[in-house]
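Undergrad: Model the following, please.
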Amino acid sequence: MEKKRSTGHCKYLFLLILLCAAVAGTIYLFPWMTKLGDEAFRQEFGQWIQSLGIKGWFLILAIQVGQILLAFLPGEPIEVIAGMLYGTWGGWITCEIGILIGTCIIYYGVRWFGEPLIEKIVSKEQRGSYSFLQNTQKLEGLVFLLFFIPGTPKDALTYLVPLTSIKASYFFALSLFARIPSVLTSTFAGANLSTGNWHISLLTFLLTGLIGLLGTQYHKKLLYRLNTASHSEEQR
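TA: Coordinates of the predicted model:
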């Protein structure tokens, strides 16, 4: 009994440290993240990163990991900068590595802490919207689809899926492969910005925005159908 109580205290202490680190990271990164939407700042930031050499690459990687952990921060500005700095494919690889690291941290963190961690990060409304994940027989396919659809809250979803029965290896693979189109379009746009092909970047942003709007509408309808089906199953 004493051993279990001690383990519980250690978990909550670690959770407190993790939350403090998240708050500190948010305070430190938030001014940068909000400015990354400004083109002039992205150019200036990119030049500074290049001046750091390999340290700059690790900094971009760390920012990408932080964006996954801090689910409310947008990921597109980082992906665009990665494309500007390292090209379409180099930026994509950098972002995918960061996404994998962040996803691993979240998965095992959620598996260890469970609901207490989720309640601090994901809103009650979002948790309710994805409650069907606990009752579906096609979990892997749905996870891939939800991560693949443009406009879905992928980072919040990253915190919710580990509460299901999905295996870690499946989750990592599905989330990485499903994110490829969205990450690749952002790094492609960034690469073209760095070479002065503004018209290609603008067209990419416009198409991505349009697809994102359509994806958001489809996502809402899909959640409605899945939650309705889940409630019907529960009532039987």
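
Undergrad: same for the strand or helix carrying Ala173, what does it pack against?
TA: Element membership for Ala173, per DSSP states H and E: helix 168-194. Judged by 3 or more CB pairs under 8 Å, 6 or more residues apart in numbering; DSSP states H and E, helix 168-194 is in contact with helix 39-51, helix 76-113, helix 139-148, helix 154-160, helix 198-235. Quick note: C-beta positions are derived from backbone N, CA and C, even for glycine.

Undergrad: any chance of these in CSV, with mean pLDDT too?
TA: Formatted as CSV, the helices and strands packed on helix 168-194 follow (pLDDT from 0 to 100):
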stretch, mean pLDDT
helix 39-51, 74
helix 76-113, 90
helix 139-148, 87
helix 154-160, 84
helix 198-235, 73
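
Undergrad: between those, which gets nearest to Ile166?
TA: Of all the helices and strands packed on helix 168-194, helix 139-148 sits nearest to Ile166, with 5.6 Å by CB to CB.

Undergrad: In PDB, list the C-alpha atoms belonging to the closest one.
TA: Taking C-alpha atoms only, helix 139-148 is exported to PDB below (Å, rounded to 0.1, in the frame of the first residue of the first chain):
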ATOM      1  CA  LEU A 139     -10.100   2.100 -34.600                       C
ATOM      2  CA  GLU A 140      -7.000   2.100 -36.800                       C
ATOM      3  CA  GLY A 141      -8.800   3.200 -39.900                       C
ATOM      4  CA  LEU A 142     -10.600   6.000 -38.100                       C
ATOM      5  CA  VAL A 143      -7.400   7.300 -36.500                       C
ATOM      6  CA  PHE A 144      -5.800   7.400 -39.900                       C
ATOM      7  CA  LEU A 145      -8.800   9.100 -41.500                       C
ATOM      8  CA  LEU A 146      -9.000  11.700 -38.700                       C
ATOM      9  CA  PHE A 147      -5.300  12.600 -39.000                       C
ATOM     10  CA  PHE A 148      -5.500  12.600 -42.800                       C
END
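
Undergrad: pLDDT wise, what is Ser169 at?
TA: We note a pLDDT of 91 for Ser169 in this prediction.

Undergrad: What's the local residue count around it?
TA: 8 (other CB atoms under 10 Å).

Undergrad: returning to what we had before: dump the helices and strands packed on helix 168-194 into CSV; add distance to Trp57 and mean neighbour count as well.
TA: Formatted as CSV, those follow (distance: least, CB to CB, whole Å; neighbours: other CB atoms under 10 Å):
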stretch, distance to Trp57, mean neighbour count
helix 39-51, 8, 14
helix 76-113, 7, 21
helix 139-148, 25, 18
helix 154-160, 22, 22
helix 198-235, 22, 14
